[in-house]
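Student: Based on what follows, work out the 3D shape:
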Amino acid sequence: MANTTSANLKLTVQQTGENSGTWGQITNTNLLILEQAIGGYDALSVASSPTALTFSNGALSNGKNQVLKLTGTITGNVDVTIPDSIEKTYIVENATSGVFTVTFKTSSGTGITWSTTDKGKKILYSDGTNVLEGISSMGDLFAGDVTTNSISTDTINVSNITISGSTTANIITANTITATTITTNTITASGDITTSGGNMTDQIGEIRSVPINSKTAPYTLLSTDQGKFISTDSAITVPPSVFTAGQTVTIYNDSASGFAITKGAGVTMYWVQTGADADRTLSTRGVATILCVATNVFVITGGTLS
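Tutor: Numbers count the residues shown, from 1 in each chain. Purely as a prediction, here's the structure:
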């Protein structure tokens, strides 16, 4: 019975009693083909389209390599093809020059395309009909649950981390995380959180201190004042439709005389000491905290109010 050929790597399948005196050479060639498929590397010029990779029977061939680096200066969109019916995995790098697409595909099927600006690497596989991408994002590496006790590293610098689904490591969803150490259950940030020298800041300021807004003239509070203290020597107005429940502003009288803290139109401001709703006067060097408890409703407290 004559030798046959395997479907994917085109190895020589020897039959009993065949190849007397040469079967060792054929076996060695098969082993080299297996080595090529597992760890082989080849840099291929793909300047012309289509560029067809070869799969010769019983012989080493460029299409059997595990890793392919596509090179050359291309002057148009390029197709790199493997024969139909081949089932195989690849790591492919687009290292071509020229602002054109490169598509890795089967002869008759579809494939994966590098855009005109994409010169990256891809993990691909052929199912015998089409070429598909094995890993297109980090999400493909963690498509199910992620269970881990710890991640230890000195530096994590990423554009985006999005972990969704069930994780015992909890969830981190952020635009930017740059830190030496993160130990937490949950971080959810829509803006930036920055650590430097042991200090952490957000959009308002350093988290462990109260940001200051200094004024030297009558001032109407703004939404950006929430979480801050206003150091001033002049009257303060609490406006309507600016603050939401739970937001606070602290006022410090940095002068030698008292000044008014006045309610804007439609604002209710209860003094904690008496429960009365009225404008207040903050004495010299006094401190008052204003807490929004509902829309346009505030309470004000401080030992130097009248």
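Student: Next, residue 43: phi, psi?
Tutor: Main-chain torsions, residue 43, degrees, to the nearest 10: phi -100, psi 120.
Student: so who does it touch?
Tutor: Applying Cβ atoms under 8 Å, 6 or more residues apart in numbering to residue 43 gives the contacts 68-69, 71, 95. The C-beta positions use only the backbone N, C-alpha and C, and glycine is treated the same way.
Student: if you set the cut-off to 10 Å instead, what comes out?
Tutor: Neighbouring residues of residue 43 by Cβ atoms under 10 Å, 6 or more residues apart in numbering: 62, 65, 67-72, 93, 95.
Student: Take the residues you listed and write them to JSON lines, including neighbour count.
Tutor: Formatted as JSON lines, the contacts of residue 43 follow (neighbours: other Cβ atoms under 10 Å):
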{"residue": "62", "neighbour count": "17"}
{"residue": "65", "neighbour count": "23"}
{"residue": "67", "neighbour count": "14"}
{"residue": "68", "neighbour count": "24"}
{"residue": "69", "neighbour count": "17"}
{"residue": "70", "neighbour count": "23"}
{"residue": "71", "neighbour count": "16"}
{"residue": "72", "neighbour count": "17"}
{"residue": "93", "neighbour count": "16"}
{"residue": "95", "neighbour count": "17"}
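Student: So which of those sit within strands?
Tutor: 67-71, 93 (DSSP state E).
Student: Pick out whichever of the residues you listed sits closest to residue 53.
Tutor: Nearest to residue 53 among those is residue 68, at 7.9 Å by Cβ to Cβ.
Student: Name the nearest residue to the closest one, sequence neighbours excluded.
Tutor: With sequence-adjacent residues excluded and distances taken as Cβ to Cβ, 6 or more residues apart in numbering, residue 68 is closest to residue 92, at 4.9 Å.
Student: isn't that neighbour right up against residue 114?
Tutor: Yes. If you go by Cβ atoms under 10 Å, residue 92 and residue 114 touch, sitting 8.8 Å apart.
Student: what's the span of stretch 252-267, first residue to last?
Tutor: End-to-end distance for stretch 252-267: 21 Å, by Cα to Cα, to the nearest Å.
Student: how about that stretch: buried residues?
Tutor: The neighbour-count check on stretch 252-267 (16 or more other Cβ atoms under 10 Å) flags 252-255, 258-259, 261-263, 267 as buried.
Student: Restricting to C-alpha, output stretch 47-64 in PDB.
Tutor: What follows is stretch 47-64, C-alpha atoms only, in PDB (Å, rounded to 0.1, in the frame of the first residue of the first chain):
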ATOM      1  CA  ALA A  47       5.200  42.700  -1.800                       C
ATOM      2  CA  SER A  48       2.900  41.100  -4.400                       C
ATOM      3  CA  SER A  49      -0.700  40.100  -4.000                       C
ATOM      4  CA  PRO A  50      -1.800  37.500  -3.500                       C
ATOM      5  CA  THR A  51       1.100  35.800  -1.800                       C
ATOM      6  CA  ALA A  52       0.300  32.100  -1.500                       C
ATOM      7  CA  LEU A  53       2.000  30.200   1.300                       C
ATOM      8  CA  THR A  54       3.100  26.600   0.400                       C
ATOM      9  CA  PHE A  55       2.200  23.300   2.000                       C
ATOM     10  CA  SER A  56       4.200  20.800   0.100                       C
ATOM     11  CA  ASN A  57       3.600  17.100   0.700                       C
ATOM     12  CA  GLY A  58       6.300  15.500   2.900                       C
ATOM     13  CA  ALA A  59       8.500  18.600   2.900                       C
ATOM     14  CA  LEU A  60       9.300  21.700   4.900                       C
ATOM     15  CA  SER A  61       7.200  24.700   3.600                       C
ATOM     16  CA  ASN A  62       6.800  28.300   4.600                       C
ATOM     17  CA  GLY A  63       3.100  27.900   5.400                       C
ATOM     18  CA  LYS A  64       3.900  25.300   8.000                       C
END
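Student: Alright, calling it a day.
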